[in-house]
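Participant: 3D model of this:
(chains A and B)
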Amino acid sequence: MRHQEAEYTELRSQIAEMGNAVSRMVNESVKSLVERDDGLARDVIQRDDKIDHMDVEIDEHCLKIFALYEPKAIDLRFIIAATRIIVDLERIGDHCVDICKEVLKLNKVPRVKPYIDLPRMGELAAKMVVDSVNNYLERDAEGSLELIRRDDEVDHLNNQILRELVTYLVEDLRKNQAVFSLMLVAKGLERIADYTTNIAENVYFMVSGDIIRHIPLKEKEDEAHTGN
Amino acid sequence: MNKVNKIPADKVLIQVQDLSFSYGSVKAVKNITMDIARNAVTALIGPSGCGKTTFLRCFNRMHDLYTGNHYEGRVVMEGTDVLGKGVDLTELRAGTGMVFQKPTPFPMSVFDNVAYGLKLKGIRNRTELSDRVEAVLKHAALWEEVKDRLKEGASGLSGGQQQRLVIARALAVEPKVILFDEPTSALDPISTSKIEELIFQLKQEVTVIIVTHNMQQAARISDYTAFMYVGELIEFDETDVIFTNPNVKLTEEYITGRFG
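Facilitator: Model prediction:
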């Protein structure tokens, strides 16, 4: 095997490992909320250091590949996409930390509402993290467009949760601390899903060479089908 | 398999039309059609034996120095087919300079190397010769290094300096085109970078066609890149397209090193 191939294979493993670690953080942030588990929330917060470390390690690996092998064409786009994807994954990790900090506050006060949509939202977001990284590993452009579409569902849930939380606030102002924390949790999950759409755009770029950032979804799909 | 040429008509200096070239019974260049843009650098890349140097040598008919060769098709520069029978080869080669892999200074002084072509063009006035030699050496980014050694033999210069001297010699007769055949493959990285910088600047006045094995070099200095394989033009496009998102799988395999 040529040594570049070995480097690319190692990079793929690193991204897969970082993606797994981050999606687990998303799942467990929501679990710590639902199960009111302070220990788990603290554990997630601590794990962010590991994510930061992976971010730096992969970044350095990409720099090494650029310097030593001067990748071209699909290889170039593969490495460029990696350098961008790790930034999004690292930020998703930061959002998990923010969510868990709110969970620690929430666990100090009585539960204001049953959690139904938030776990659903968390599940969707965590799945989007896993799928976005898998799309990168499998070079799946169609799957990436499909993932971008899924973001609407998360946005919809977020709006629904916010509307519901406002009614709790109007009903009883003493619940404001908990309601604000839950709003931040929902916002965090919504942002996590947004970051996975960034990853999907980078995967699409990697596969096709076309930059689809800042283009509405409908136009992205039309471009994908006309091949322009 | 030849790709659509995207160069606007008013920017085209040379039109290569269905060009084939054979050494005896061996067809080394096969049905190439492409345009060469004026005041731009066009790189020819491809594995050893793909015909890129053979193709390059069609532009100034270097092959005519040997017998048993056969051209088909046309290479039209500003309305004239340079492969035509009536073409004055001396005039063609003065207008289409060539720089080789190994520097080829003449066994004479630095000054005389550059003045040689000017004298052939009938410039005899000593002052005019001096002025032109100085201007050309400055243009070739060599003046500061040789201004005190103009009377010394050119063979005393370093490899990189010799190569720039050869470029100066080609520039002296004010060519329209300069053909470079792996001009830096015998040079160290610093000399290479000086030649690359020079080529990059030269395109303001001349059109450059360069054969290189060094893909980074093609990526760095050229505006257009043609990828050749077994005598055929596989893909021709703007250099950034070739190196970021080529259209043909074979091109991608070659530039990413997955070839063969």
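Participant: ranges for the helices of the chain?
Facilitator: Unless you meant another one, I'm taking chain A. Along chain A, the segments classed as helices by DSSP state H run A:3-34, A:38-69, A:73-106, A:117-138, A:141-171, A:176-208, A:217-226.
Participant: ah, no, chain B please
Facilitator: For chain B, applying DSSP H gives helices covering B:52-56, B:89-95, B:110-120, B:126-139, B:143-146, B:159-172, B:189-202, B:215-221, B:239-244, B:249-255.
Participant: can you redo these as CSV with distance to residue B:32 and mean neighbour count?
Facilitator: To be clear about C-beta, it is placed using only N, CA and C from the backbone, and glycine gets the same treatment. As requested, the helices of chain B are exported to CSV (distance: least, CB to CB, whole Å; neighbours: other CB atoms under 10 Å in any protein chain shown):
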stretch, distance to residue B:32, mean neighbour count
helix B:52-56, 7, 23
helix B:89-95, 19, 15
helix B:110-120, 30, 20
helix B:126-139, 32, 16
helix B:143-146, 38, 16
helix B:159-172, 24, 24
helix B:189-202, 23, 17
helix B:215-221, 17, 20
helix B:239-244, 16, 21
helix B:249-255, 15, 20
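Participant: Quick one: closest of the ones you listed to residue A:21.
Facilitator: helix B:239-244 (31.1 Å; CB to CB).
Participant: Does anything pack onto that closest one? Which helices or strands?
Facilitator: The criterion is 3 or more CB pairs under 8 Å, 6 or more residues apart in numbering or on different chains; DSSP states H and E, and the helices and strands that helix B:239-244 contacts are helix A:73-106, helix B:215-221, strand B:224-229, helix B:249-255.
Participant: same thing but at 10 Å, please
Facilitator: Applying 3 or more CB pairs under 10 Å, 6 or more residues apart in numbering or on different chains; DSSP states H and E, we find helix B:239-244 packed against helix A:73-106, strand B:41-45, helix B:215-221, strand B:224-229, strand B:232-238, helix B:249-255.
Participant: Check the offset of it from the chain's centre.
Facilitator: Distance of helix B:239-244 from its chain centroid, counting by CA atoms, centre = their mean, to the nearest Å, is 20 Å.
Participant: Which residue would be the closest one in chain A to chain B?
Facilitator: Nearest to chain B in chain A, going by CB to the nearest CB, is residue A:209, at a distance of 3.3 Å.
Participant: wait, what's in contact with that residue?
Facilitator: A:73-74, A:76-77, B:241, B:244-247 (CB atoms under 10 Å, 6 or more residues apart in numbering or on different chains).
Participant: likewise residue A:19?
Facilitator: Shown in contact with residue A:19 (CB under 10 Å, 6+ apart): A:54, A:85-86, A:89, A:92, A:129-134, A:136-137, A:199.
Participant: hmm, which two among these are most spread apart?
Facilitator: Within the contacts of residue A:19, two members stand farthest from each other by CB to CB: A:54 and A:131, at 19.3 Å.
Participant: Take the helices and strands packed on helix B:239-244 and lay them out in TSV including mean pLDDT and distance to residue B:112.
Facilitator: Formatted as TSV, the helices and strands packed on helix B:239-244 follow (pLDDT from 0 to 100; distance: least, CB to CB, whole Å):
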stretch	mean pLDDT	distance to residue B:112
helix A:73-106	97	47
strand B:41-45	97	29
helix B:215-221	91	30
strand B:224-229	96	36
strand B:232-238	96	40
helix B:249-255	94	42
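Participant: which one of these lies closest to residue B:161?
Facilitator: Of all the helices and strands packed on helix B:239-244, the one in closest proximity to residue B:161, counting by CB to CB, is helix B:215-221 (19.3 Å).
Participant: Kindly format the C-alpha coordinates of the closest one as CSV.
Facilitator: The C-alpha coordinates for helix B:215-221 follow below in CSV (Å, rounded to 0.1, in the frame of the first residue of the first chain):
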residue,chain,number,x,y,z
MET,B,215,2.9,18.2,-11.1
GLN,B,216,3.3,20.7,-8.3
GLN,B,217,5.2,22.8,-10.8
ALA,B,218,2.4,22.5,-13.3
ALA,B,219,-0.1,23.4,-10.6
ARG,B,220,2.0,26.4,-9.4
ILE,B,221,2.8,28.1,-12.7
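Participant: returning to what we had before: CSV for the contacts of residue A:209, including distance to residue A:25?
Facilitator: Below are these laid out as CSV (distance: CB to CB, whole Å):
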residue, distance to residue A:25
A:73, 34
A:74, 30
A:76, 30
A:77, 28
B:241, 40
B:244, 34
B:245, 34
B:246, 39
B:247, 41
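Participant: Would you mind listing which of these are buried?
Facilitator: Neighbour counting by 16 or more other CB atoms under 10 Å in any protein chain shown classes A:73-74, A:76-77, B:241, B:244-246 among those as buried.
Participant: Alright, that wraps it up for me.
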